[in-house]
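[1] For reference, the sequence and a predicted model appear below.
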Amino acid sequence: MTTRVALFDVAGTLVAGNPWRGFLKYDGMSKARVYSRYPFILPPYWAKNWGMISDTRFRQVWVRQMAALLNGFTVEEADTLFKWIATEFMRGDYRDDVVARLREHKQNGDYVLLVSGMFTPQTRQFALALGADAGVGTELVFDSAGRCAGVISGAVCAGEDKPLIAKRYLEAQGIRLDQVEMVAYADSGSDVPLLSAAAVSVATYPDAALTAVAHERGWEVMGGG
């Protein structure tokens, strides 16, 4: 019987690099399609860097633009891209110490769930690559013909919505949250809500915002801070 659930963020936590860059580097993604999103991405990117919008707000814009990049992709084409990112593009970027912690949880019989702002089928490919039990994230919409509609369903899996999405997924799997201890691993200040929802919180290679919170609350810090 599962007595502990381990939640792992992906980008910045399990991998050092940015998996989203794989969308821009993938051979099956035309340059014209990529460039068409720049007018929508660059203004909020600059606004974030100038402190005009929060990191969570930028992530919400970014994820929606990445969904637009996939407009027209079949389920199979999208999964091919997601698998390539998890197994090829990010191959040299996995953090050995955090991956070892994930595998320790598995060896102990814990349920390991990856939870990310990435699309759910993309997060699942990382889960498959790492031997986690499952992956959940932002829901990507496919039409009745099995082609991506270029939009998401529901909230972006970030900020306050991230722990809610993770908990809904676990409950759908029949895991009683009142009967398990949750452990969470994440790297960003935008992940404070996820970490705060767990009984045990681990700041992994944290940014400055999360480092400050981790020290204030006495959370374990891996790889930095």
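    Okay, I see it. Numbers count the residues shown, from 1 in each chain.
[2] what are the ranges of the helices in this protein?
    Using DSSP state H, the helices of the chain run over 21-25, 31-49, 55-69, 75-84, 96-107, 120-130, 161-172, 192-196, 208-217.
[3] who wins for proximity to Val151 among those helices?
    Among those, the nearest to Val151 by Cβ to Cβ is helix 55-69 (5.7 Å). Using the backbone N, CA and C atoms, a C-beta is placed for each residue, glycine as well.
[4] By mean pLDDT, flag the weakest helix or strand of this protein.
    Ranked by mean pLDDT, DSSP states H and E, the weakest helix or strand in the chain is helix 31-49, scoring a mean of 85.
[5] in that one, what's buried?
    By neighbour count on 16 or more other Cβ atoms under 10 Å, the buried set for helix 31-49 is Arg37, Ile41, Pro44, Lys48.
[6] residues near Ser201, how many?
    Residues lying near Ser201 (other Cβ atoms under 10 Å) number 24.
[7] I meant to write Met29 there.
    For Met29, the tally of surrounding residues (other Cβ under 10 Å) stands at 16.
[8] returning to what we had before: ok, so of the buried residues of helix 31-49, who is nearest Arg147?
    Closest approach between those and Arg147, by Cβ to Cβ: Arg37, at 18.5 Å.
[9] wait, isn't that closest one in contact with Gln65?
    Yes: the pair Arg37 / Gln65 is scored as a contact, 4.9 Å apart, by Cβ atoms under 8 Å.
[10] quick one on the thing from earlier: out of the helices of the chain, which comes closest to Thr138?
    Nearest to Thr138 among the helices of the chain is helix 55-69; the distance by Cβ to Cβ comes to 5.4 Å.
[11] what mean pLDDT would you report for that closest one?
    When pLDDT is averaged along helix 55-69, the result is 89.
[12] List the buried residues in it.
    Those buried within helix 55-69 under the rule 16+ other Cβ under 10 Å are 55-69.
[13] ok so, going back, I'd like the helices of the chain as CSV, with distance to Gly12 appended.
    Shown next, in CSV, are these (distance: least, Cβ to Cβ, whole Å):
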stretch, distance to Gly12
helix 21-25, 13
helix 31-49, 15
helix 55-69, 11
helix 75-84, 18
helix 96-107, 10
helix 120-130, 13
helix 161-172, 13
helix 192-196, 13
helix 208-217, 10
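[14] right, and those - which one's nearest Leu113?
    Ranking these by proximity to Leu113 (Cβ to Cβ) places helix 161-172 first, at 6.4 Å.
[15] now the angle between helix 120-130 and that closest one, please.
    Counting by axes from the mean of the first three to the mean of the last three Cα atoms, to 10 degrees, helix 161-172 points 70 degrees away from the direction of helix 120-130.
[16] what's helix 161-172 packed up against?
    Secondary-structure packing of helix 161-172 (3 or more Cβ pairs under 8 Å, 6 or more residues apart in numbering; DSSP states H and E): strand 111-119, strand 134-142, helix 192-196.
[17] Tell me which other helices or strands the second one touches.
    The helices and strands touching strand 134-142, judged by 3+ Cβ pairs under 8 Å, 6+ apart, are helix 55-69, strand 111-119, helix 120-130, strand 148-153, helix 161-172.
[18] tell me what the longest one is packed against?
    Secondary structure elements in contact with helix 55-69, counted by 3+ Cβ pairs under 8 Å, 6+ apart, are helix 31-49, strand 111-119, strand 134-142, strand 148-153.
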